[in-house]
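Novice: here is a sequence together with a model predicted from it:
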Amino acid sequence: MLSSEKKSFWRFLAIYILLVSLVLISISIIYYRANSDRVELQYKSMMQELSVLQIKRLKWLHNHFPKYNKYPRDERFNSAIYDLEYQEIFSTLKSKKIDFNKSFYFTKNYAIYVAILSDYYLGAKYLFIEVPKNSELVNRIIRNIIIYGTLAFLALLLLGVYLAKLFIRPMQRSIELLDNFIKDTTHEINTPISIINTNIEMLKSTGSCKKEEKKIKRIEIASRTLETIYKDLKLSVLSNESESQDELCNIKAIVQERLEYFRLHIESKRIKLQEQLEDVELKVDRILIERLIDNLISNAIKYNRVGGSIIIRLTAEYLLIEDSGIGIEKSNLNKIFERYRRFNESEGGFGIGLSIVDRVAKRYGFVVEVESEKDKGTKVKVVW
Amino acid sequence: MVKAFIIMVVSFTLLSGSNSCLECHAKKKISLRKTFMEALQVYGGEQNFKTALFYYCKNPAKSSSVMGEEFIQKHLPLKPVALSDELLKKLIDWYWNSYKIEGNLK
C-alpha cells in the first residue's frame, strides 16, 4: 500500500470510528437513561408505599403524644421529619444530603423519597424516606452497556475496515494500472536507448560528423535523460523482482562519475558547480546509491536556473547537494517523497525520483533533510 | 437572670388576673396540649405557629379557629387578649417551648 493510500485508508477509518463512537455513545446514554428511569420508578413506587405507612404512624403518634413519644422506626427504611421552615424535628437518616426541592433523589449509598404532608402531624411538613441503594441494578445496566457496546464496536470496526478497503480500491486500481503500464514500457525502451547511445559513441569516435557536433551533443543529453528515467523506472517498478547486493563502494568516485555523466546537462544550463568531496566508503548496493545520487543531482540541474549554481559536499557524515533553483513551497515539503507526486509541471518526469531517494535512504537508515525556499533554492542533505 | 424573670412574669400572668390564660383554660377545661397539637397540625413550623397564634389571640374568630365545630360552639365567642404585644409574645414563646415536639421524641 502506498503512503497516500495508507493515509486515505486511515483517514476514512478514523472518521468512521469517530462517527461510530458517537452513535454508540448516544445509544448507550439513551439506554442508560431509559433503564435508570425504570429503576427510579421502581424505587419511587416502593418508597411511596413506605411513606404512606410512615404518615399513618406519625398521625397515630401525633394523637397520642406525649403519652407515647417513641418515633416510629422500620427496619426497611430510615426516615426524618422536617417542619415547613425546614427545621429538623426528628431524623434517623444516614445521608447528610437533604434536598427539599426534589421529590426523589439518590445519594452515594441511598435512595431518598420526599413526601409532603397535607396535615402537619407532629408539626412535620416534609417526610424523608431513605432506603439503601441497590447498586446491582445500576451495575447491571453499565455492564450491559460495556459488553454490548464493545461487541457492537468491534463488529462495526470490522465493517469499517472492509468499507475503508472498498473506499481505496479505485485508487489502488489506478496505481496498479500505472505500475503495469510503466513496467511494460520500461521493458520496451531499454533496447532503443542502448542503440542510440552506441551510435552516438560511434559517431564521436570516428569523428565523421564534426560539423554536427552540437546536434550530436543535444542527442546525447536527451539520450542520457532518457536513460536516467529508464533506470529510475526500472528501480521503482521492477526492483522488487531482484535482490540487491551490498558491497564496499567509494562514494566519492561514484559522485564524480555521476557528475561526469551529467556534465553535458550542467554545461547546457551554464551551471557553476562547486565540489567539496572527501573520500568516503560505504557498504551499499552500487545501483541503489547511484540512483540516490543521480536523482539528487538530476533534480538540482533540472529545477535550477540558467547560470545558477550547485554545491556538492561529501563528508564522512553526509552528502549535501545545494542548488539555486526554483525551490519548493514549505507546505509541499512533507509530500515530496510521495510516489508520482510532482510540484512542477514545466519539467518532465514521473514524480518518482525523490520516492526512490527516500526508499534507498530508508533501506540503509540514512536521514534525508530537505530545506527549501521558493525561488531561492533547495538544500538536500543525506546523513549517512 | 433574664430567664428567671421571664418565668416569673409568665407564671404571674398565667396564674392571675382576668386575662390569665391558664385560669381560663382550666375553668373551661380546655387542655393546653390539645390546642397546641391542633394548632401544630395546621401551622407546622415554629414561626408560623407563633404568628398565627398571636393573631388569633388578638382577633379570635370562628373562621380563624383551628378547633373543631363542637369546640367552637361550646367556647366561642372569645374576647381578644388584652395583654401587651410584648408580653403576649413572651407567653406564646413559653407555650411553644413547653409543648414543642423537637427534643421530646425518642
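Specialist: Yes, it's here. Predicted model, so just to flag it, every value in this text is computed and none were measured.
Novice: tell me which element residue A:130 falls in.
Specialist: Assigned by DSSP states H and E, residue A:130 falls within strand A:126-132.
Novice: what is the subsequent helix or strand relative to that strand?
Specialist: Heading C-terminal from strand A:126-132, the first helix or strand you meet, by DSSP H and E, is helix A:135-206.
Novice: list the helices and strands that following helix packs on?
Specialist: Counting contacts by 3 or more CB pairs under 8 Å, 6 or more residues apart in numbering or on different chains; DSSP states H and E, the secondary-structure elements packed against helix A:135-206 are helix A:3-64, helix A:213-238. (C-beta placed from N, C-alpha, C; glycine too.)
Novice: can you pull up the bridge partners for the closest residue in space to residue A:300 that isn't next to it in sequence?
Specialist: The spatial neighbour of residue A:300 that comes closest, neighbours along the chain excluded (CB to CB, 6 or more residues apart in numbering or on different chains), is residue A:323 at 4.0 Å. Note on residue A:323: beta-bridge partners residue A:310, judged by DSSP bridges.
Novice: my read: residue A:313 touches residue A:280, true?
Specialist: No - counting by CB atoms under 8 Å, residue A:280 is not a contact partner of residue A:313; they are 11.1 Å apart.
Novice: which one of these two is surrounded by more residues?
Specialist: For residue A:313 and residue A:280, the more surrounded residue by other CB atoms under 10 Å in any protein chain shown is residue A:280, and the numbers stand at 19 against 15.
Novice: so the more buried one makes contact with residue A:316?
Specialist: Yes - between residue A:280 and residue A:316 there is a contact under CB under 8 Å: 5.6 Å.
Novice: in contact with residue A:313, which residues?
Specialist: A:276-277, A:319-320, A:322 (CB atoms under 8 Å, 6 or more residues apart in numbering or on different chains).
Novice: tell me if it really is in a strand.
Specialist: Yes - checked against DSSP: H, G, I helix; E, B strand; the rest coil, residue A:313 lies within a strand.
Novice: I'd like to know how far it sits from residue A:383.
Specialist: Between residue A:313 and residue A:383 the distance, using CB to CB, to the nearest Å, works out to 12 Å.
Novice: same thing with residue A:24?
Specialist: From residue A:24 across to residue A:383, the span is 47 Å (CB to CB).
Novice: quick one, which of the two is more surrounded?
Specialist: Taking neighbours as other CB under 10 Å, residue A:24 and residue A:383 compare with residue A:24 leading, 17 against 14.
Novice: gap between the worst-scoring helix or strand of chain A on mean pLDDT and the chain center?
Specialist: For chain A, the helix or strand with the lowest mean confidence is helix A:213-238, at a mean of 75 (criterion: mean pLDDT, DSSP states H and E). Averaging C-alpha positions (CA atoms, centre = their mean, to the nearest Å) puts helix A:213-238 38 Å from its chain's average.
Novice: one more: stretch A:45-61?
Specialist: In terms of CA atoms, centre = their mean, the centre of stretch A:45-61 is set 62 Å apart from its chain centre.
Novice: for stretch A:199-210, same thing?
Specialist: Centre-to-centre, stretch A:199-210 and its host chain are 57 Å apart (CA atoms, centre = their mean).
Novice: in contact with residue A:314, which residues?
Specialist: Residues in contact with residue A:314 (CB under 8 Å, 6+ apart) are A:251-252, A:255, A:276-278, A:280, A:320.
Novice: thank you kindly, that will do.
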